[in-house]
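Visitor: I'll drop the sequence and a predicted model, then ask my questions.
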Protein chains: 2
Amino acid sequence: MTASANVKALAFDVFGTVVDWRGGIAAEAARVAAARGVDGDWNGFALAWRAGYAPAMQRVRNGQLPWKTIDQLHRMNLDAILDAYGLGGLDEAARRELNRAWHRLPPWPDSVAGLTRLRQRFVITTLSNGNFALLTHMAKRAGLPWDCIISAELFNHYKPDPETYLGAARLLGIEPCELMLVAAHASDLRAARDQGCRTAYVPRPQEFGEHQPAEAYDPDEFDLVAGDFLDLADQLVQKIG
Amino acid sequence: MTASANVKALAFDVFGTVVDWRGGIAAEAARVAAARGVDGDWNGFALAWRAGYAPAMQRVRNGQLPWKTIDQLHRMNLDAILDAYGLGGLDEAARRELNRAWHRLPPWPDSVAGLTRLRQRFVITTLSNGNFALLTHMAKRAGLPWDCIISAELFNHYKPDPETYLGAARLLGIEPCELMLVAAHASDLRAARDQGCRTAYVPRPQEFGEHQPAEAYDPDEFDLVAGDFLDLADQLVQKIG
């Protein structure tokens, strides 16, 4: 009997945990730029675009902005950085298409295989700040075998607001202690734990690139720490089976 | 170019349209009763249980009841009919388990194969008054290949309230005219049409049993009428492809 013995559903953070946003955005930006003869640091472009993400959600959280989807926040942040990368000339259609690159992010190599195994034992869902359509399109394209899509959009609250973790448990018809959040980010896991959820930490050391510093955490802070989703499946089947 | 040419997503009514609630409930009730040596008309039991469904939602819609999930409304209605069928002695655990029969309803024979074909071309989702957990469990058990689960529960409004059809389109990031409702019930389709959605009518003549009267509708009232989901796939590919 372990802390994870009563887990009925696994909720996954998505950006960075399931998919490689940095690699995906850099590749799409490079293609758009190449078609226009523009050179640049597209890895840096991806990091710059993503850097606007948390502050934009914070403005929604503070009430400085009305509720906006991640598609809308991404677009604001895209418009703010295009000039600096020599892409200020992109027209409306091209901006809209590039913004949709977040719907087309590639999964990490273990994601689909690991989720497929985990799905045999648990209900598996997204629990992401990405909007519902984004997560749905991403799953369809990448073959992510979710049982359902849960987005912060359903609660008009962004993670790490408590409403998201509690709302996911409510929609799934289970108690918070029966829900395990899987994430590559300690802050997300801590917020879930504070609401009574179980936690599995899956570090993704390449999320931000080669020289990403490791996150500090206490050895017993999370219910599980796994190297990837296949390791997570090994551990959860062993612990619970 | 047809009325369905710009359809991007198909939203499916579930009870009666995708799954056979009458057969599923009758079979589960018969098993529960047999284990207790109780005889009865379990087809009639299924019809009696379902008969409380629309009135219960109407009480929520009118504000006579606060928001309740279909699981909760089913349970109220179950408790109201058990005595009449000689099952008043069922304890709390047995009532809870029988109430979950709605999570385990069997699909019509063409449902999984038809949805699998339709999914290759469209985003496919539920749009059901069933609660989110019910629809998720049903899909997982029956192998219904939804891209996402959309429930009236997400909007705190039951169909045919406009908020449900408009809310589904909003979550999917599309216009109402890009969403096609697929249903076995003309009233549901008419309400979707009134919000600008496309409509596909798939009669299920066995939903209520052998002597179910056919619904009346005008020949041009719906964008499509199909015999089952395989016929629907044939027609939608032909019309749009």
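Guide: Cool, got the structure. Numbers count the residues shown, from 1 in each chain, chains lettered A, B, ... in the order given.
Visitor: any weak-confidence spans in chain A?
Guide: Applying pLDDT under 70 to chain A flags residues A:1-4, A:238-241.
Visitor: same thing but 50
Guide: Along chain A, the model assigns pLDDT under 50 to residues A:1, A:241.
Visitor: chain center to stretch A:37-48, what's the gap?
Guide: 21 Å (Cα atoms, centre = their mean, to the nearest Å).
Visitor: Only the buried residues of that stretch, if you could.
Guide: A:38, A:42, A:43, A:45, A:46, A:47, A:48 (16 or more other Cβ atoms under 10 Å in any protein chain shown). From N, CA and C alone the C-beta is placed, and that goes for glycine too.
Visitor: Tell me the spacing between the last one and residue A:95.
Guide: Here residue A:48 is placed at a distance of 15 Å from residue A:95 (Cβ to Cβ, to the nearest Å).
Visitor: Kindly report the residues of chain A close to chain B.
Guide: Residues of chain A lying near chain B by Cβ under 8 Å from any Cβ of the partner chain: A:71, A:123, A:125, A:131-137, A:139-140, A:146-149, A:153-154, A:171-174.
Visitor: Of those, which belong to helices?
Guide: Among these, the residues falling in helices (DSSP state H) are A:71, A:132, A:133, A:134, A:135, A:136, A:137, A:139, A:140, A:171, A:172.
Visitor: wait, which of these is closest to residue B:61?
Guide: Minimum separation from residue B:61 among these (Cβ to Cβ) is found for residue A:171, which lies at 20.9 Å.
Visitor: So for that closest one, what's the nearest residue that isn't a sequence neighbour?
Guide: Nearest residue to residue A:171, sequence neighbours excluded (Cβ to Cβ, 6 or more residues apart in numbering or on different chains): residue B:132, at 4.3 Å.
Visitor: got the contact list for the one you found?
Guide: For residue B:132, the contacting residues are A:148, A:171, A:172, A:173, B:149, B:151, B:153, B:154, by Cβ atoms under 8 Å, 6 or more residues apart in numbering or on different chains.
Visitor: residues in contact with the fifth one?
Guide: Same thing as residue B:149. Here residue B:149 is in contact with A:147, A:148, A:149, B:125, B:126, B:132, B:135, B:136, B:139 (criterion: Cβ under 8 Å, 6+ apart).
Visitor: and residue A:128, what does it touch?
Guide: A:12, A:13, A:14, A:15, A:135, A:150, A:151, A:152, A:159.
Visitor: mind checking the SS state of the nearest residue to residue A:52 once chain neighbours are set aside?
Guide: Of all residues not flanking residue A:52 in the chain, residue A:77 sits nearest, at 3.3 Å (Cβ to Cβ, 6+ apart). Here residue A:77 is recorded as helix under DSSP: H, G, I helix; E, B strand; the rest coil.
Visitor: Hmm, residue A:53 and residue A:77 touching each other?
Guide: Yes: between residue A:77 and residue A:53 there is a contact under Cβ atoms under 8 Å: 6.9 Å.
Visitor: so what are the domain limits for chain A?
Guide: A:9-20+A:105-240, A:21-104 (automatic domain parsing).
Visitor: Kindly provide the distance from the residue in chain A sticking out farthest from the centre to residue A:101.
Guide: Going by Cα atoms, centre = their mean, the residue of chain A most distant from its centre is residue A:37, 31.6 Å out. Distance, residue A:37 to residue A:101, using Cβ to Cβ: 20 Å.
Visitor: got a list of contacts for the longest helix along chain A?
Guide: Counting residues, the longest helix found in chain A (DSSP H) is helix A:21-35. By Cβ under 8 Å, 6+ apart, the list of residues contacting helix A:21-35 from outside reads A:15, A:39-40, A:42-43, A:45-47, A:49-50, A:85-87, A:90, A:94, A:98, A:101-102, A:104-106, A:206-209.
Visitor: ok, the nearest residue to residue A:115 once chain neighbours are set aside - contacts?
Guide: Excluding the flanking residues, the one nearest residue A:115 by Cβ to Cβ, 6+ apart is residue A:145, at 5.5 Å. For residue A:145, the contact set (Cβ under 8 Å, 6+ apart) comprises A:112, A:115, A:116, A:119, A:124, A:139.
Visitor: do that again at 10 Å, thanks
Guide: For residue A:145, the contacting residues are A:111, A:112, A:115, A:116, A:117, A:118, A:119, A:124, A:139, B:145, by Cβ atoms under 10 Å, 6 or more residues apart in numbering or on different chains.
Visitor: Same check on residue A:127?
Guide: Contacts here follow Cβ under 10 Å, 6+ apart; on that basis residue A:127 touches A:9-14, A:17, A:135, A:149-152, A:154, A:159, A:164-165, A:167-169, A:179, A:181-183, A:188, A:192, A:197.
Visitor: May I have stretch A:158-172 as PDB, with CA atoms only?
Guide: The C-alpha atoms that make up stretch A:158-172 are tabulated as PDB, following Å, rounded to 0.1, in the frame of the first residue of the first chain:
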ATOM      1  CA  TYR A 158      -5.200  29.000 -15.100                       C
ATOM      2  CA  LYS A 159      -2.900  26.600 -13.200                       C
ATOM      3  CA  PRO A 160      -1.700  26.800 -10.600                       C
ATOM      4  CA  ASP A 161      -5.100  28.200  -9.400                       C
ATOM      5  CA  PRO A 162      -6.700  25.600  -7.100                       C
ATOM      6  CA  GLU A 163      -9.900  25.600  -9.300                       C
ATOM      7  CA  THR A 164      -8.000  23.700 -12.000                       C
ATOM      8  CA  TYR A 165      -7.000  20.700 -10.000                       C
ATOM      9  CA  LEU A 166     -10.200  20.500  -8.000                       C
ATOM     10  CA  GLY A 167     -12.200  21.100 -11.200                       C
ATOM     11  CA  ALA A 168     -10.500  18.200 -12.900                       C
ATOM     12  CA  ALA A 169     -11.200  15.800 -10.100                       C
ATOM     13  CA  ARG A 170     -14.900  17.000 -10.000                       C
ATOM     14  CA  LEU A 171     -15.300  16.500 -13.700                       C
ATOM     15  CA  LEU A 172     -13.800  13.000 -13.500                       C
END
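Visitor: starting at the chain centroid, how far to that stretch?
Guide: With Cα atoms, centre = their mean, you get 15 Å for stretch A:158-172.
Visitor: one step back: what's the most buried one of the domains of chain A?
Guide: Stretch with highest mean neighbour count among these: domain A:9-20+A:105-240 (a mean of 20; mean count of other Cβ atoms under 10 Å in any protein chain shown).
Visitor: just how off-centre is it within its chain?
Guide: 8 Å.
Visitor: Ok, stretch A:90-107 next?
Guide: 17 Å.
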